[in-house]
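What follows is a predicted structure for the sequence shown.
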Amino acid sequence: MTAAAFVPVSRNLIVACIEDHPKAAILLRIAHRRAQEKGMKWCAVFIETPTYLRQGDDGSRERVLRLLTLAEQMGGETAHLEAETMEKGLAHLLEKEGGRIALIIVGSVEAEGRFRSLRALPWMRMVRLASQHAQVEIVPLSGMHFRQNLIEKLHLRALRPKDFAYALLAVGAAYLSALFLKSLLPPALFRINDQNVALLFMIACAFVAGRFGLPPGLVASVASFFTVNYYFTVPYHVLKLYTVTDMLNMGLFLFAALLISLFTSQTRDYAQKAAKRELSTSALFTLYRVASNAFSREQALEKLQRKLERMLEVDVAFFLPPMLNPSNIEPAFPVGLTLDGADRKALDGCWTEMKTTGRATPFNPGTQWRFEPMISQAGEIGVLGVRPRGKTHLDAWFGRLLAAIADQTASVLEHIELERSMAETRIREEREKLRSMLLSSVSHDFKTPLAGIIGALSVHRSLGEKLTAHKRSELIEAAIEEAQRLDSFITNILDMTRLESGNIQFRKEWCSMEALVGNVTKRMRYRCRQHKLTVKIPSDFEVYMDVMMTEQVLQNLLDNACKYTPAGTSIEILCTAAEGKGMVCEVRDHGPGLPPEKMERAFDKYERLHKKDTQVAGTGLGLAISKAVMEAQGGSITAANHPEGGAIFTLHLPQWRKVGHKHTNGATNAPFEQAYSGH
Amino acid sequence: MPLLNKHIVVIDDTHSILTFLRISLEALGAKFHGAATAAGGLALCETEHPDLVILDLGLPDKEGLNILPRLKRIGKERNLPVVVLTVRKEQEVVKTAMELGADAYVTKPFIMDDLIEVIYSQLRLQADNPRLKLVKPENAA
């Protein structure tokens, strides 16, 4: 045990360097205990070296993964480093976190067999490096590493018939090309000998090893050896080695072929690993991108499923608990996916136990699907299901990737859910605010006319006898005017409700524009008595509109004009019509005009609610109703400010015609001469 | 004629309210001056030297609360009482009005007799002891 000379107080991290050893969990337990004793954090580090990558089989990776999971369960952090050697990995770690590390725990394994001191060298170098930076605790791990036989060490898997086929095909091709070269070129130019033939077969071996891995490469090497010996060495067509030179030559050839196969297949392995890493990165990046773009859970799941299926070449499914019964878990995407007995059981197990189940896991291994729990910070979100297609190999790397994808998906879903609930809350709050604003506005708007009515009537009651007849009637008039105002508020609110529910029938008929406007001005005469009202309408025009509703629109416009402009100013109603276009009816006032920033929203419901002041009584529905009424009849209404001041509201009445003689009234059955229909 | 020759300015944009206030106040002998805008009301207060002002809060050109301090300044030496007359009865509006110098607060709708009571008491307070006005008659609201 080596102790560092000085351990600053800020060092509060204990690192356990774990390795693939049956007793490696002891390292975790010791790290955990030390961390508790000293009140520090601890971290399990696994350094993945090329040697490990080359030699470690899936079983070994599963074991390491389980160790890391165990560390997490025990409350430690985990880190997975990749480095050329253990020593370099540790050096990298120390460089990054060296200042924080107080204690490094490493296991010591008794090396076995020959060259044991030689093989212990890297380990000793690592310990020496560690001891230069922090305190080191060496934990003797009894027993040996998992024993690996040669086949495992060389990362060989059992030979399959396919391997033989590839190897023999390649060797056959090499043989054929040798014959081809021989027949193509005259012997004077090119002569087949054991040198160039050997190179040709070497290429075949390298190709097979690079393309299909080490086992077919080895088969190809052996097959090449025999082929060369049989066909291309003297004596031909005999498998025999006569001289020492021959034997040496052939031995060298076999050795070279095997070596080339070995190295090429290693290169291939590295390339594959790089591709896998690339895949993990891009898969996680995809998740990240989907997360930032998706606006609904369904959309996110659909996108993720499509992308992941394409990228990983597996079937992907997401399972989420139904809203009403969260203990259950159901397929969320793709919808309607059904699982058979074993798969279903594995899925339920994954959801209840929150652990990876299904294919290539210790739990319910004999299934088609593999299930990975999706856990976010807030808790369990759902389950990610994966069914490999054809080639995909569910190894430890893939398991890690799946776990990362599941976690990432969980946080994506959580994020979306959070965003949605926030938006919902916002909408609800907004609606509540609008409702309370509407209520207070409505009560305010009802109270102003009521104040007029109650006040006028109370004066009449207490002073009635003392007043002249003229003053008494003035009081009554005021009360009636306010009662009518109240009535029109209520009508407006009811109209809006009916318009919104679509519960209103328009009865369109031909009517004289003059009569229509006349009716309105007659009704509004008292209301507009303080304004100068001018009406300019050609007398022989008829429009095809719902009379009642259109009158209501005009009345609203006149009411607004009276309301928002000072007494004594004039209000003009001007109707014009052009052939091929609709009839235009303008209501112009000479008041302050519309505030430009409100122009766009003039026809919004309850628009006046957004104003701070409440100076002018009204429900703020008049213009909204007018717009709805005009549009429902195929017309429109627009608002603008006149360049010389004042507001102009323009009604467009699409259908109009000119009648031959003057009407005095609504003229619904009047004979017509021309009819125009505008847009 | 308890209000004989008292000048009362009413600032309210609702026509019917101006009408019945005019009729009733004139019937009680007061000189009635009505204005539908804040600007008009201020002008009337400058020229007519009223004994009492009735002020609506929602006016077309200005919020009534905004001209309240100016009204109080105009009638400072006479201790001019200002009665606020409005549909708004939120606690914070009442409080603001009182802080800005309103002497009484009456919410719409109201029975004219009640308003007349308030007017009487305000005029009496003003006549009896101007200094008493320092204590705001909150119960008047």
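Done, it's in.

For chain B, which segments are assigned as strands?
In chain order, chain B shows strands spanning B:7-11, B:31-35, B:52-55, B:82-86, B:104-107, with DSSP state E as the criterion.

in a helix, that's where A:Gly634 is, yeah?
No - counting by DSSP: H, G, I helix; E, B strand; the rest coil, A:Gly634 is not part of a helix but coil.

hmm, back to that, may I see the strands of chain B arranged in JSON lines, with mean pLDDT as well?
As requested, the strands of chain B are exported to JSON lines (pLDDT from 0 to 100):
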{"stretch": "strand B:7-11", "mean pLDDT": "94"}
{"stretch": "strand B:31-35", "mean pLDDT": "93"}
{"stretch": "strand B:52-55", "mean pLDDT": "94"}
{"stretch": "strand B:82-86", "mean pLDDT": "93"}
{"stretch": "strand B:104-107", "mean pLDDT": "93"}
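
how about the ones you listed, which one is nearest A:Thr448?
Closest of the strands of chain B to A:Thr448 is strand B:82-86, at 9.7 Å (criterion: C-beta to C-beta). Quick note: C-beta positions are derived from backbone N, CA and C, even for glycine.

can you list the strands of chain B in CSV and add distance to A:Arg657 and mean neighbour count?
Shown next, in CSV, are the strands of chain B (distance: least, C-beta to C-beta, whole Å; neighbours: other C-beta atoms under 10 Å in any protein chain shown):
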stretch, distance to A:Arg657, mean neighbour count
strand B:7-11, 51, 24
strand B:31-35, 49, 20
strand B:52-55, 54, 26
strand B:82-86, 51, 25
strand B:104-107, 54, 21
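
Mind putting those strands into a markdown table with distance to A:Ser280?
Output for these, formatted as a markdown table (distance: least, C-beta to C-beta, whole Å):
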| stretch | distance to A:Ser280 |
| --- | --- |
| strand B:7-11 | 76 |
| strand B:31-35 | 79 |
| strand B:52-55 | 74 |
| strand B:82-86 | 69 |
| strand B:104-107 | 71 |
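
can you redo those strands as TSV with distance to chain A?
Formatted as TSV, these follow (distance: least, C-beta to the nearest C-beta, whole Å):
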stretch	distance to chain A
strand B:7-11	12
strand B:31-35	11
strand B:52-55	12
strand B:82-86	9
strand B:104-107	8
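
so which of those strands comes closest to A:Asn519?
strand B:31-35 (31.9 Å).

Just checking the distance from the closest one to the centre of its chain.
Using C-alpha atoms, centre = their mean, to the nearest Å, the distance from the centre of strand B:31-35 to the centre of the chain it belongs to is 11 Å.

Which residue comes closest to A:Lys182 once chain neighbours are left out?
A:Ile192 (5.0 Å; C-beta to C-beta, 6 or more residues apart in numbering or on different chains).

Tell me how many other residues surround that neighbour.
16 (other C-beta atoms under 10 Å in any protein chain shown).

Any residue of stretch A:429-444 touching chain B?
Yes - residues of stretch A:429-444 contacting chain B under C-beta under 8 Å from any C-beta of the partner chain: A:His444.

can you list the residues of chain B near chain A?
So chain B meets chain A at B:13-17, B:19-21, B:23-24, B:27-28, B:36-37, B:58-60, B:63, B:87-88, B:108-113, B:115 (C-beta under 8 Å from any C-beta).

buried subset of the residues you listed?
Among these, the ones that count as buried by 16 or more other C-beta atoms under 10 Å in any protein chain shown are B:13-17, B:19-21, B:23-24, B:27-28, B:36-37, B:58-60, B:87-88, B:108-110, B:112, B:115.

quick one, phi psi at the residue in the stretch 51-200 of chain A positioned nearest to chain B?
Per C-beta to the nearest C-beta, A:Gly75 is where the stretch 51-200 of chain A lies closest to chain B, at 53.6 Å. Main-chain torsions, A:Gly75, degrees, to the nearest 10: phi 100, psi 10.

The nearest residue to it once chain neighbours are set aside: what's it in contact with?
Nearest non-adjacent residue to A:Gly75, counting by C-beta to C-beta, 6+ apart: A:His32, 7.1 Å away. A:His32 sits next to A:42, A:74-76 when contact means C-beta atoms under 8 Å, 6 or more residues apart in numbering or on different chains.

name the element A:His32 belongs to?
Assigned by DSSP states H and E, A:His32 belongs to helix A:25-38.

hmm, who's touching the helix or strand following that helix?
For helix A:25-38, the following helix or strand on the C-terminal side (DSSP H and E) is strand A:41-48. Outside of strand A:41-48, the residues within contact range by C-beta under 8 Å, 6+ apart are A:12-19, A:27-28, A:31-32, A:34-35, A:64, A:67-68, A:71, A:75-83, A:86, A:89-90, A:93.

Please name the nearest non-neighbouring residue to residue 39.
Going with chain A. The nearest residue in space to A:Gly39 (C-beta to C-beta, 6+ apart) is A:Asn12, at 7.9 Å.

Let me rephrase: I mean chain B.
Nearest one to B:Ala39, counting by C-beta to C-beta, 6+ apart, is B:Asp61 at 5.8 Å.

sorry, back to before: now the buried members of the contacts of A:His32.
So, by 16+ other C-beta under 10 Å, the buried ones in the contacts of A:His32 are A:42, A:76.

for the contacts of A:His32, which one is nearest B:Ile119?
Using C-beta to C-beta, those come closest to B:Ile119 at A:Gly75, 78.7 Å.

confidence score at the closest one?
Predicted confidence (pLDDT) for A:Gly75: 82.

and what of A:Asn503?
pLDDT, A:Asn503: 72.

that older thread, the strands of chain B: which one's closest to A:Asn325?
strand B:104-107 (54.0 Å).

in its sheet, what does the closest one sit against?
strand B:82-86 (parallel) (DSSP bridges).

How far off centre is the partner strand?
Worked out by C-alpha atoms, centre = their mean, strand B:82-86 lies 5 Å from the chain centre.

ok so, going back, neighbours of the residue nearest to A:Gly39, just the number please.
Neighbours around A:Asn12, by other C-beta under 10 Å: 15.

what's the spacing between it and A:Ile105?
Distance of A:Asn12 to A:Ile105, computed by C-beta to C-beta, to the nearest Å: 15 Å.

got it, and A:Tyr175?
On the measure of C-beta to C-beta, A:Tyr175 and A:Ile105 end up 58 Å apart.

These two - which one has more neighbours?
Between A:Tyr175 and A:Ile105, counted using other C-beta under 10 Å, A:Ile105 has the larger neighbour count: 24 against 21.

secondary structure element for the residue nearest to A:Phe295 when sequence neighbours are not counted?
Among residues not flanking A:Phe295 along the chain, A:Ile416 sits closest, at 7.5 Å (C-beta to C-beta, 6+ apart). Per DSSP H and E: A:Ile416 is located in helix A:396-463.

tilt between that helix and strand B:82-86?
120 degrees (axes from the mean of the first three to the mean of the last three C-alpha atoms, to 10 degrees).

what's the offset of helix A:396-463 from the middle of its chain?
Counting by C-alpha atoms, centre = their mean, helix A:396-463 comes out at 26 Å from the chain centroid.

What helices and strands are in contact with the helix or strand that it is followed by?
As assigned by DSSP H and E, the chain's next helix or strand after helix A:396-463 is helix A:469-501. Helices and strands touching helix A:469-501, by 3 or more C-beta pairs under 8 Å, 6 or more residues apart in numbering or on different chains; DSSP states H and E, are helix A:396-463, helix A:547-564, helix A:622-632, helix B:15-27.

How about helix A:469-501, which residues are buried there?
Buried residues in helix A:469-501 (16+ other C-beta under 10 Å): A:471-472, A:474-475, A:478-479, A:481-483, A:485-486, A:488-489, A:492-493, A:495-496, A:499.

I'd like to check the angle between that helix and helix A:396-463, please.
Using the same axes, to 10 degrees: helix A:469-501 against helix A:396-463 is 160 degrees.

Identify the residue of the stretch 1-150 of chain A closest to chain B, quick one.
Closest point on the stretch 1-150 of chain A to chain B, by C-beta to the nearest C-beta, is A:Lys41, at 53.2 Å.
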